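Undergrad: Structure for this input, please:
(chains A and B)
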Amino acid sequence: MLALDLFVNGLIIGLYYALMAVGLSMIFGILKVVNFAHGEFYMVGAYAYTLISLNLGVSPWLALPIAAAAGGAIGWLTERWLMRPLYTGYGSWGLMKDEYAVVVTFGLSLLLINLFDKVIGPYPMRGPALSDVTRMSIGPFMMSGHKLITAGLAIVLIVGLALFIKRSLWGRQIQAVAQNRLGASIAGIDTARASCIVFVASGVLAAIAGALLAPVINPAPDVGIFPAIKSYVIVVIGGMGSIPGSIVAALILGVLESFGAVYLSYDYRDTYGLVLLILILLFRPQGLFGERSREV
Amino acid sequence: MSPPKNPNLHSSKLANELILSLVVLGVLALLPAFVQSPYWLGVLIVSMYFAIMSSGWNLLAGYAGQFSLAPAAFAMLGGYSTGLFFYHLKAPLWIGLPMAIIIPGIIGLVLGRIVLRLSGAYLALTTLSFAEIMRLIIYNSIDFTRGDQGLNVPGLLDDRLAYYYIFLVSLAIVVGLVYWILRMPLGRFLQALRDDEIGAASRGVNVVRCKTIAFFVSCAICGFAGGLYGTFARLVSPELGLIAQTGLVIAMVVIGGMGTLVGPLIGALLVYTASEFLRDVGGIQMIVFSFLVIIFARYFREGLWGLVRRGFDRRGGRGPGGGQPPDGRSNLAAKRGA
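TA: From the prediction side, this is the model:
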């Protein structure tokens, strides 16, 4: 019974991880860079949701889309202001583009953390729940109403994103740019717009993940660091740039952690994922589900 | 300096930077005549600790192009090498301090061998994970390292002024070492493999050996900085290896000028002393620096030293004639251009 409970809880945690990791993976797919400020998109979402619903007295259901919009806006700004030089003539610069991306996203991460720390304060807050029902039973499982609703929302968002990428025109353009930026632009695809959409979408998803978890994680300025590191692990396991890979990897990691925290050492729980990350980067850099052909 | 020499040559660029580094070190040597308060001496000592670390990291990231995110972790390892030798074996500092160079150097060598084939985002992620694993291990193995309580380390001396000069001499040695490496063929090989690894290999550069040496030297310098800092603070703790510390080192190097000899010096001294002033203003130092890092990386890629040099080139009427007007610091350039 305990095992089944752990399994379901792990799957739900995995859904939140997937919301974070999918965005990171899409960004890597389209620009071949890691966004080190991804955890701060999540933090912004958690704060926007909590502050708006607590201070303005707005229903949490209304605060959720506002938080999503805040995440999208910050993703858009990041792309327009900081990522554009990656694909508009970086060749003449002293630094290479990988290093530029690491420096600016690392800087952005520090900037957002310290800005929120100064403006809002370092004290954790408590986000409101989407539902007042604290305990309900579904078959054999006991869970809170908030958890059930957020799990449902996360599934809807992930399925929606998958459909968007697979079926819509913009989604197909994004796939094309991820496969070959130059080829896509020759075929008449606006690569700048595709990058922009990816950043907005990943900002929205990370912010929603933060908002949905706000009652659990208690938003604080440094709350994004931990899920960001989890997302790096997931994206590497799933194959950098592969969206289905990162969804599957997120669910697996959620379940593994849920069991590991109970059956293995609790103190070293963060170390396992990082060791796994290094091992996979060294021996199977395309990830467990990634495609074998990689641009060198 | 003789005028016909091409100012864009690697060796003459490097010579210019060495002269400026010596000027900075000379100013630092005279500074205690004006700064008597132990507090500000302490601030300068810590800024020199960061200058040593920045110079070490700059050799790896700026010159060899291996963008590691673990410099603070190696400083922590250096501090703990000294601390653990003292704590468990009661080893005196003349054993403990060299260990702070050797052990991080060897760990860096191994890390360098492991990440040999990785670059860019992959390398950044691997070194970041390595740094976090090291910190978590030290933080959690309470029996061996006393966890977050930290370890007490004996001091070299009690006199703060003497410590100031110990740090200054160490900084001078590190700058000299980096200069010496850059003057060697190895220095040019490192820059060649930064600019084009395959191209460098095709011209006969032993990429594996060069990268490994760069990792060894850089990590040993960072470890040395950590060991020395531990004896000054009399305490080493896992906080030395926080990611934020790495962020500070990156900020210093990017603001000062990445891939230049003098950039990390200027960056570390300016950023750390400025952060003491900004702390009085209201603890906004990290906001200002992270913003500056983005601005510098986005618009002034060559850092402060690059701006100075561009202003200098303009005055001399040579060089490519950069688009940036000389900034307020051009009096420095004028001094050298006369």
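Undergrad: As CSV, could you dump the C-alpha coordinates of the one helix or strand B:Ala251 maps to?
TA: B:Ala251 belongs to helix B:243-256 when assigned by DSSP states H and E. The C-alpha trace of helix B:243-256 is given here as CSV (Å, rounded to 0.1, in the frame of the first residue of the first chain):
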residue,chain,number,x,y,z
ILE,B,243,27.5,28.7,-6.3
ALA,B,244,27.0,32.4,-5.4
GLN,B,245,30.8,32.5,-4.8
THR,B,246,31.4,31.2,-8.3
GLY,B,247,29.0,33.8,-9.5
LEU,B,248,31.1,36.5,-7.8
VAL,B,249,34.3,35.2,-9.4
ILE,B,250,32.6,35.2,-12.9
ALA,B,251,31.3,38.7,-12.2
MET,B,252,34.8,39.9,-11.3
VAL,B,253,36.4,38.4,-14.4
VAL,B,254,33.7,39.5,-16.8
ILE,B,255,33.6,43.1,-15.5
GLY,B,256,37.4,43.3,-15.4
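Undergrad: Looking at the one helix or strand B:Glu132 maps to now, give me its mean pLDDT.
TA: Using DSSP H and E, B:Glu132 sits within helix B:120-140. Throughout helix B:120-140, pLDDT has a mean value of 86.
Undergrad: does chain A sit close to it?
TA: Yes - on the criterion Cβ under 8 Å from any Cβ of the partner chain, helix B:120-140 is in touch with chain A at B:120-122, B:124-126, B:128-130, B:132-133, B:136-137, B:140. Using the backbone N, CA and C atoms, a C-beta is placed for each residue, glycine as well.
Undergrad: Just give me how far that helix sits from the chain centre.
TA: 19 Å (Cα atoms, centre = their mean, to the nearest Å).
Undergrad: Likewise for stretch B:45-56?
TA: 6 Å.
Undergrad: show me the contacts for the closest residue to chain A within the stretch 51-200 of chain B.
TA: Nearest residue of the stretch 51-200 of chain B to chain A, counting by Cβ to the nearest Cβ: B:Gly120, 3.2 Å away. Under the criterion of Cβ atoms under 8 Å, 6 or more residues apart in numbering or on different chains, the contact list for B:Gly120 reads A:32-33, A:96, A:98-99, B:67.
Undergrad: Just checking, which of these comes out lowest on pLDDT?
TA: A:Met96 (56).
Undergrad: for the contacts of B:Gly120, which one is nearest B:Ile294?
TA: Proximity of the contacts of B:Gly120 to B:Ile294 was ranked by Cβ to Cβ; the top entry is A:Glu99 with 13.9 Å.
Undergrad: So which elements touch whatever helix or strand that closest one lives in?
TA: Assigned by DSSP H and E, A:Glu99 belongs to helix A:97-119. Using 3 or more Cβ pairs under 8 Å, 6 or more residues apart in numbering or on different chains; DSSP states H and E, the elements in contact with helix A:97-119 are helix A:38-55, helix A:84-87, helix B:120-140, helix B:243-256, helix B:285-299.
Undergrad: worst average pLDDT in these?
TA: Mean pLDDT, when computed for each of these, is lowest for helix A:84-87, at a mean of 76.
Undergrad: how about that one against chain B, any contact?
TA: Yes - using Cβ under 8 Å from any Cβ, helix A:84-87 comes into contact with chain B via A:Pro85.
Undergrad: Which residues does that helix contact?
TA: The contact list for helix A:84-87, computed with Cβ under 8 Å, 6+ apart, reads A:31, A:33, A:93, A:97, A:100-101, A:181, A:191-192, A:195, B:298.
Undergrad: Return a selection command, for use in PyMOL, containing the buried ones of the residues you listed.
TA: If you want just the buried ones from the contacts of helix A:84-87 in PyMOL, going by 16 or more other Cβ atoms under 10 Å in any protein chain shown, the selection is:
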select buried, (chain A and resi 31+33+97+100+101+181+191+192+195) or (chain B and resi 298)
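Undergrad: rewinding a little: neighbour-wise, which of the residues of helix B:120-140 next to chain A leads?
TA: B:Ala124 (27 neighbours; other Cβ atoms under 10 Å in any protein chain shown).
Undergrad: That one against A:Val102, yeah?
TA: Yes - with contact defined as Cβ atoms under 8 Å, B:Ala124 reaches A:Val102; the gap is 5.0 Å.
Undergrad: can you list residues touching both of the two?
TA: A:34, A:36, B:67, B:69.
Undergrad: Now which of those residues would you call buried?
TA: A:34, A:36, B:67, B:69.
Undergrad: Make TSV out of the residues you listed and add distance to A:Pro85 and secondary structure.
TA: Shown next, in TSV, are these (distance: Cβ to Cβ, whole Å; DSSP: H, G, I helix; E, B strand; the rest coil):
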residue	distance to A:Pro85	secondary structure
A:Val34	17	coil
A:Phe36	17	coil
B:Phe67	17	coil
B:Leu69	21	coil
